[in-house]
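Asker: Quick one, fold the following:
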Amino acid sequence: MGEPPRRPRELFLAGLAAAYLAAFVSLYLQIPGLYGRDGILPARRVLRLSGKGLWEQLRDVPTLLWLGPQLGLDTEQGMELLCLLGAVASMGALLCAPLRDCLLFAVLRVFYLSLYQVGQVFLYFQWDSLLLEAGFLAVLVAPLRLFKWRSTAWRPHDSVTFWLVRWLLFRLMFASGVVKLTSRCPTWWGLTALTYHYETQCIPTPAAWYAHQLPVWFQKFSVVATYVIEIAVPLLFFMPIRRLRLFAFYCQVLLQILIILTGNYNFFNALTIVLAFSLLDEEHMGRWMGRGKRKHGSSWPPTLLSFLSTLLELATYALLLYWSVHYFSLEIDWEKGLLESKVAFTYHEFTQWLRAVTLPLVGLGFLSLSWEILSALYRCACVRGFFWKLWATLQWAVFATATVGMFAISLVPFTYIDYESNGKLWPGIHQMFSAVERFQVVNSYGLFRRMTGVGGRPEVVLEGSYDKQSWTEIEFMYKPGNVSAAPAVVAPHQPRLDWQMWFAALAHHSSSPWFASFVHRLLQGKEDVIRLVQVDEDKYPFSTQPPVYLRAQLYKYWFTHSAESGAGAAQWWRRQHVQEFFPTVSLGDPTLDGLLAQHGLKDKLPLKRPVDAFLPWLLSSVRQLSRPFSPHVVLWSLYLVAATTCLLRAMARRPRGGAPPTRHKAPKQPRGDQGEKNGQLRRKEGREAEERGEGRSRGAADGEGPRGTKRRK
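Answerer: Predicted structure coming up:
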């Protein structure tokens with residue numbers, strides 16, 4: 001039944017730890033300005049004492065921050081503590097394979113869920129929900145290593161829980177493709193969405209400017225490719241032919257890399273690639289690492305199974321090509337030298353198709369899961385010894401039941417793409433989903449549902465003044481403002497204020513109650529909020545004295561075209577004033593005070609912090625150390641440290657001298673058999689002799705302990 005995917009699992013766990021690191025560190029550096037006592041939305045107003053007991057409070061709002069007062073911490077300090085602990089734990093899991101333990105991932109998820117519960121609008125993004133769901137799956141997927149430091153054995157049931165990662169990836173990608181069409185957005189139906197996307201996304205990169213210059217026919221073809229990758233290719237996730245799954249993997253990775261190059265979406269796209277590791281197998285990962293099995297001869301003629309597998313694979317590729325050409329009317333115009341494309345189906349036809357395939361897709365997922373469960377049961381039956389066989393079967397039963405339960409619960413948000421199918425689900429599934437919904441165990445997804453900014457990118461520009469006569473624009477670090485400033489590169493950091501400024505520009509300011517509080521804090525000159533705008537005080541025009549008056553103007557922004565670049569300073573943007581977004585206000589202004597009172601954002605006397613307690617002092621010291629640095633620089637530095645550590649570790653495993661190794665001098669590799677120890681299957685491989693001949697040694701991350709092989713005499 002093939003080798004168990006140890007390496008893909010390790011890669012998934014390491015990648016998830018890297019995503020957690022970005023999430024915790026990025027949020028930590030923004031807590032004072034977003035949630036502090038003088039922040040935009042103080043977190044203390046979410047956790048208000050109501051006279052209930054601790055367990056009742058945890059039931060209503062499941063967060064560890066309820067325990068803060070017992071540690072002498074207020075809500076803001078509790079959030080800082082959770083972020084710091086989460087960052088240290090995720091960094092440890094990223095660098096040290098034995099720390100990628102189910103208990104540690106359970107702690108990381110509890111920490112992030114605790115932050116999510118009080119994060120309010122600044123944490124209500126789909127990638128935050130995706131990280132919480134992937135983090136819950138990691139608790140089921142990761143082994144229990146902390147009590148068995150060198151144990152990396154693959155448990156017979158692990159392929160069952162690892163399948164849930166593939167199912168999550170399928171729900172994410174398929175729903176993201178479907179909602180683009182069910183939203184009836186004219187740009188997605190007209191295949192022109194990407195002609196607007198690069199300049200209207202929240203924080204584009206410099207590469208987005210160049211992508212925006214591509215011809216329209218190529219942009220339309222790119223939309224067709226997006227549909228194919230997000231709607232058709234995910235069906236291959238459950239195919240029994242490994243080459244089709246690898247094809248699906250590289251399609252997903254290609255799409256995510258292109259998005260990373262042209263847009264700053266924090267850790268989201270990297271996390272999607274991490275989920276795609278569930279499509280890989282041990283053999284393919286071995287080839288990545290130069291440890292793949294060498295075939296000493298070619299079998300000819302091929303077996304019947306191999307021939308049918310190749311035939312099915314070619315038929316699948318042909319079907320994908322035909323589907324793309326037929327339903328998007330792809331046609332080459334040789335005279336003009338371009339590729340014509342248009343949608344060749346109607347909204348009614350698409351919704352009918354979606355209604356017809358939604359429940360069969362659930363059935364396809366169930367069949368794939370059933371195969372994994374039966375395969376795991378077979379591996380349990382192969383365990384030697386009655387006691388260990390019974391123990392493996394008991395574990396299989398527990399984890400298979402948990403996996404089936406997770407699959408059933410996930411059907412509720414998955415079938416949101418077709419409410420008629422959602423209504424056909426068993427009522428008990430809806431009840432189970434309602435019971436766990438507050439814990440963000442499973443979620444619904446659907447990115448880029450509608451393309452905004454078709455008539456120009458709406459952008460809010462803040463202006464300050466001392467006399468109401470001369471106004472100075474306040475430029476943000478990351479979001480577009482100055483037309484001559486190049487777009488920023490900040491991923492995997494997410495500037496959450498900049499993101500909400502982008503959403504605020506899409507509607508009236510009353511739809512963003514936090515904006516009045518933001519203006520109020522700038523008028524007060526609160527340093528923590530100012531640091532969300534500019535870390536460098538020299539770039540903030542009111543660093544010496546807060547402005548007396550503030551207002552906000554609404555502009556439309558467009559990327560410049562390559563032909564517009566002149567001899568002077570290059571301009572990335574052009575803009576046009578639209579209207580006033582927020583009226584001119586000052587401290588004590590009735591309009592501003594009325595908005596703050598309406599949304600419960602009026603200043604209240606905060607609780608006095610203890611000044612002599614050790615833990616608050618420690619948190620304050622760490623905060624002072626981090627103040628001089630920009631958030632994206634801190635994250636890049638941490639990832640550089642992790643990459644350097646891994647590189648030095650790899651170099652230490654290489655031979656320190658001697659002649660370069662040659663493969664033909666390696667001793668012949670014996671064929672290993674499968675053994676068992678402590679009720680877990682362990683594969684006794686003979687590769688170590690060859691790898692010693694090549695100057696290599698197998699590490700714990702490769703799924704082999706030092707006792708997993710026998711030395712040849």
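Asker: Could you check which helix or strand contains residue 447?
Answerer: Using DSSP states H and E, residue 447 falls within no helix or strand.
Asker: I'd like to know how far the closest residue to it other than its chain neighbours sits from residue 18.
Answerer: Nearest non-adjacent residue to residue 447, counting by CB to CB, 6 or more residues apart in numbering: residue 176, 4.6 Å away. (Glycine included, C-beta is placed from N, CA and C.) According to CB to CB, to the nearest Å, residue 176 and residue 18 sit 22 Å apart.
Asker: can you check residue 489 too?
Answerer: 18 Å.
Asker: try residue 238
Answerer: Using CB to CB, one obtains 27 Å as the distance from residue 238 to residue 18.
Asker: Repeat that for residue 166.
Answerer: As judged by CB to CB, residue 166 and residue 18 stand 20 Å apart.
Asker: returning to what we had before: settle it for me: which of residue 489 and residue 18 has more neighbours?
Answerer: residue 18 (22 against 16; other CB atoms under 10 Å).
Asker: Now stretch 482-495 - C-alpha only, CSV.
Answerer: Written as CSV, here are the backbone C-alpha positions of stretch 482-495 (Å, rounded to 0.1, in the frame of the first residue of the first chain):
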residue,chain,number,x,y,z
ASN,A,482,2.3,58.9,-2.1
VAL,A,483,1.9,58.4,-5.8
SER,A,484,5.7,58.3,-6.2
ALA,A,485,6.3,55.7,-3.5
ALA,A,486,6.8,52.1,-4.7
PRO,A,487,4.4,49.5,-3.4
ALA,A,488,5.7,47.8,-0.3
VAL,A,489,6.8,44.2,0.3
VAL,A,490,5.8,43.2,3.8
ALA,A,491,4.7,39.5,3.7
PRO,A,492,4.4,37.5,5.9
HIS,A,493,3.6,40.4,8.2
GLN,A,494,0.0,41.6,8.1
PRO,A,495,-0.5,45.4,8.9
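Asker: Of all the residues in it, which ones are buried?
Answerer: 487-495 (16 or more other CB atoms under 10 Å).
Asker: Ok, stretch 533-542 next?
Answerer: Buried positions in stretch 533-542, judged by neighbour count with 16+ other CB under 10 Å: 533-535, 540, 542.
Asker: what's the answer for stretch 491-510, then?
Answerer: Neighbour counts over stretch 491-510 (16+ other CB under 10 Å) mark 491-502, 504-505, 509 as buried.
Asker: what do you get for stretch 218-237?
Answerer: For stretch 218-237, a neighbour-count test (16+ other CB under 10 Å) marks 219-237 as buried.
Asker: List the contacts of that stretch.
Answerer: Residues from elsewhere that reach stretch 218-237 (CB atoms under 8 Å, 6 or more residues apart in numbering): 166, 169-170, 173-174, 176-178, 180, 188, 191-195, 244-245, 247-248, 251-252, 254-255, 279, 316, 320, 323-324, 328, 330, 339, 341-342, 361, 364.
Asker: How far does the helix or strand in which residue 34 is found sit from its chain's centre?
Answerer: Take DSSP H and E as the rule and residue 34 turns out to sit in helix 31-35. Distance, stretch centre to chain centre, for helix 31-35: 22 Å (CA atoms, centre = their mean, to the nearest Å).
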